[in-house]
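Student: I need the structure of the sequence given here:
(chains A and B)
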There are 2 protein chains.
Amino acid sequence: MSLSLYQASIPLLIRGLENLAAILQKAASHAEAQQIAPEVFLNARLAPDMFPLLRQVQIVSDTAKGCAARLAGIEVPSYPDIETSFAELQERIAQTATFLKGITPAQVDGSEERPITLKMHSQEVHFTGQAYLLDFALPNFYFHLTTAYGILRHNGVAIGKKDYLGEA
Amino acid sequence: MSLSLYQASIPLLIRGLENLAAILQKAASHAEAQQIAPEVFLNARLAPDMFPLLRQVQIVSDTAKGCAARLAGIEVPSYPDIETSFAELQERIAQTATFLKGITPAQVDGSEERPITLKMHSQEVHFTGQAYLLDFALPNFYFHLTTAYGILRHNGVAIGKKDYLGEA
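Tutor: Okay, the predicted model is just below:
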């Protein structure tokens, strides 16, 4: 018995996207209830040289669709980074989740040894499918998801670990 | 072809622990160079009701050893939470990594359907081995690793995504 590459990737990414959507919904409600401009949260950062919340969410989306598409051996869909509101981020997340839900186990399974090349900082990095998922895509996905969560916690939004993990 | 449960767990956790050790080493050096008491960093938090850096590191250790032991079907080693310095946190991380390195693929593989029960907030949560790893342990592990990183970035330590991901 063993894990399929699909099981170790697509459902986790969809779950993370759905948890992020719920977290952002709470943040938008908090902003409205407290009469704080949503941009205060969307532009908040943990450090001056870290990305703000809005960009963190875009990168969660990018990491999810990039991972799913590369493991499935199809073109990574390009979404323009034009969101400026919580509502538009929700659309971006929903669009990403819909893309992932359209990928089948048959497309992903068996890609453990598929060569995957990423361009990072103008140099190419080579992975197998398995190493790409486990050493790069998943840690990155959770990094940006957690950082989005951390930005909101730092700014007083009432969310907790349950919101990050979703329903057990 | 498929992933083994071992491949999807133990090496990732060891890699994360080693990356955390390197990040904390940079933080300790930064504190020393800037003549800032290490406790300033060890007690720093992203929010008043989030755990400080020191506790985040202990939880990274707990999540790693708990995950590894439960998947291997052995008792989770108990480490007392007595660390008060960067040096002691390094020992804790090294001890955890040594424990994980002693676990073999044969102990973990085939545990996909092993029933795993966690007590959380006085209620029991039931998982299969696979769901425990993918839906709980890995997201939690990266959560606390990223939060430790975020606390240090927020406090001006010069670390970057490469330190979090480790060598590709």
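Student: any low-confidence regions in chain A?
Tutor: Applying pLDDT under 70 to chain A flags residues A:1, A:168.
Student: tell me which other helices or strands the longest helix seen in chain A touches.
Tutor: Counting by DSSP state H, the longest helix found in chain A is helix A:10-33. If contacts are counted by 3 or more C-beta pairs under 8 Å, 6 or more residues apart in numbering or on different chains; DSSP states H and E, helix A:10-33 sits against helix A:38-42, helix A:53-72, helix A:86-101, helix A:138-154, helix A:161-165, helix B:138-154. Heads up, the C-betas are built off the backbone N, CA and C, glycines and all.
Student: what sits against the residue at minimal distance from the centre of chain A?
Tutor: Taking C-alpha atoms, centre = their mean as the criterion, residue A:60 is the residue nearest the geometric centre of chain A, at 2.3 Å. Neighbour list for residue A:60: A:16, A:17, A:20, A:93, A:141, A:144, A:145, A:148 [criterion: C-beta atoms under 8 Å, 6 or more residues apart in numbering or on different chains].
Student: try it again with 10 Å
Tutor: By C-beta atoms under 10 Å, 6 or more residues apart in numbering or on different chains, the contact set of residue A:60 is A:13, A:16-17, A:20, A:89, A:92-93, A:96, A:140-148.
Student: contacting residues for residue A:103?
Tutor: By C-beta under 10 Å, 6+ apart, the neighbours of residue A:103 are A:6, A:9, A:10, A:13, A:14, A:65, A:68, A:69, A:71, A:72, A:74.
Student: could you do residue A:89 as well?
Tutor: A:20-21, A:24, A:27-28, A:38, A:42, A:53-54, A:56-58, A:60-61, A:83, A:148.
Student: same thing but 6 Å
Tutor: A:24, A:57, A:83 (C-beta atoms under 6 Å, 6 or more residues apart in numbering or on different chains).
Student: go through those and say which is closest to residue A:127.
Tutor: Distance to residue A:127, by C-beta to C-beta, is smallest for residue A:57 among the contacts of residue A:89, at 24.7 Å.
Student: related to what we said a few turns ago, and the contacts of the longest helix of chain A?
Tutor: A:38, A:41, A:60, A:64, A:68, A:86, A:89-90, A:93, A:96-97, A:100, A:103, A:145, A:152, A:157, A:159, A:163, A:166, B:134.
Student: CA-only coordinates of that helix in PDB, if you can.
Tutor: Extracted in PDB, the C-alpha atoms of helix A:10-33 (Å, rounded to 0.1, in the frame of the first residue of the first chain):
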ATOM      1  CA  ILE A  10      -4.500  18.000  -5.200                       C
ATOM      2  CA  PRO A  11      -6.900  17.400  -2.200                       C
ATOM      3  CA  LEU A  12      -4.500  19.100   0.200                       C
ATOM      4  CA  LEU A  13      -4.200  22.100  -2.000                       C
ATOM      5  CA  ILE A  14      -8.000  22.400  -2.500                       C
ATOM      6  CA  ARG A  15      -8.500  22.100   1.300                       C
ATOM      7  CA  GLY A  16      -5.900  24.800   1.900                       C
ATOM      8  CA  LEU A  17      -7.600  27.100  -0.600                       C
ATOM      9  CA  GLU A  18     -11.000  26.600   1.000                       C
ATOM     10  CA  ASN A  19      -9.600  27.200   4.400                       C
ATOM     11  CA  LEU A  20      -8.000  30.400   3.100                       C
ATOM     12  CA  ALA A  21     -11.300  31.500   1.600                       C
ATOM     13  CA  ALA A  22     -13.000  31.000   5.000                       C
ATOM     14  CA  ILE A  23     -10.200  33.000   6.800                       C
ATOM     15  CA  LEU A  24     -10.500  35.900   4.300                       C
ATOM     16  CA  GLN A  25     -14.300  35.900   4.800                       C
ATOM     17  CA  LYS A  26     -13.800  36.400   8.500                       C
ATOM     18  CA  ALA A  27     -11.200  39.100   7.800                       C
ATOM     19  CA  ALA A  28     -13.600  40.900   5.500                       C
ATOM     20  CA  SER A  29     -16.400  40.700   8.100                       C
ATOM     21  CA  HIS A  30     -14.100  41.900  10.800                       C
ATOM     22  CA  ALA A  31     -13.100  44.900   8.700                       C
ATOM     23  CA  GLU A  32     -16.700  45.800   8.100                       C
ATOM     24  CA  ALA A  33     -17.800  45.300  11.700                       C
END
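Student: residue numbers of chain A in contact with chain B?
Tutor: Taking C-beta under 6 Å from any C-beta of the partner chain, the part of chain A that reaches chain B is made up of A:1-4, A:8, A:12, A:46-47, A:50, A:110, A:112, A:125, A:134, A:139, A:142-143, A:146, A:150, A:153-154, A:165, A:168.
Student: mind checking which of those are buried?
Tutor: Buried by 16 or more other C-beta atoms under 10 Å in any protein chain shown: A:2-4, A:8, A:12, A:46, A:50, A:110, A:112, A:134, A:139, A:142-143, A:146, A:150, A:153-154, A:165, out of those.
Student: follow-up on the earlier one: I'd like the helices and strands packed on helix A:10-33 as a markdown table, with distance to residue B:130 appended.
Tutor: Shown next, in a markdown table, are the helices and strands packed on helix A:10-33 (distance: least, C-beta to C-beta, whole Å):
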| stretch | distance to residue B:130 |
| --- | --- |
| helix A:38-42 | 36 |
| helix A:53-72 | 18 |
| helix A:86-101 | 19 |
| helix A:138-154 | 15 |
| helix A:161-165 | 16 |
| helix B:138-154 | 11 |
